[in-house]
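Asker: sequence? don't have it. structure:
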């Protein structure tokens, strides 16, 4: 898969949100060998670095040939984005198209500030 690259945040003193909507996310369901299609939304508050959109698109397109479950894909994207740009907080939402009469939405999130003041990962949901 393609490497994620970042650019310098020109406003690290300001808390603001960047949101990407990627309507062409595709991966292969490992149980059925059939493509799963999703709308992927990435919403994050940058710290010192911001994601480069070209590398993000190439990275997400790298999932097209990967056999991975929906929840694994969303959580892996979250982990990789945290590793690439160390955001203050980030949420990744995958809305997978209806298959067998069921639409699947997976939300995974991370925040450097938890409710109790400690840092760490917030829980994801399926």
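Answerer: Thanks, I have it. Note that the structure is a prediction, hence the values are computed from the model and not measured. Residues are numbered from 1 along each chain as shown.

Asker: and for residue 102, the neighbour number?
Answerer: 7 (other CB atoms under 10 Å). Where you see a C-beta, it was placed from the backbone N, CA and C, and this is true even at glycine.

Asker: just residue 35 next, same as before
Answerer: 13.

Asker: residue 43 reaches residue 81, doesn't it?
Answerer: No - using CB atoms under 8 Å, residue 43 is not in contact with residue 81, being 10.8 Å away.

Asker: where do the contact lists of the two overlap?
Answerer: When CB atoms under 8 Å, 6 or more residues apart in numbering defines a contact, the residues bordering residue 43 and residue 81 alike are residue 90.

Asker: who has more neighbours out of these two?
Answerer: A count of neighbours by other CB under 10 Å puts residue 81 above the other of residue 43 and residue 81, at 22 against 16.

Asker: which strand or helix spans the more buried one?
Answerer: helix 70-85 (DSSP states H and E).

Asker: contacts for that helix, please.
Answerer: 4-6, 25, 27, 36, 38, 40, 42, 44, 46-47, 49-51, 59-60, 63, 66, 68, 87, 90, 92-94, 96, 104, 106-110, 124, 126.

Asker: next step: these restricted to helices.
Answerer: Judged by DSSP state H, helices contain the following of those: 59-60.

Asker: quick one: which of the contacts of helix 70-85 sit in strands?
Answerer: 6, 25, 27, 36, 38, 40, 42, 44, 49-51, 90, 92-94, 96, 104, 106-110 (DSSP state E).

Asker: buried subset of those residues as a ChimeraX selection?
Answerer: In ChimeraX, a selection of the buried entries from the ones in strands among the contacts of helix 70-85 looks like this (16 or more other CB atoms under 10 Å):
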select :6,25,27,36,38,40,42,44,49,50,51,90,92,93,94,96,104,106,107,108,109,110
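
Asker: got the angle for the helix holding residue 81 vs strand 35-45?
Answerer: 40 degrees (axes from the mean of the first three to the mean of the last three CA atoms, to 10 degrees).

Asker: sweet, I'm off.
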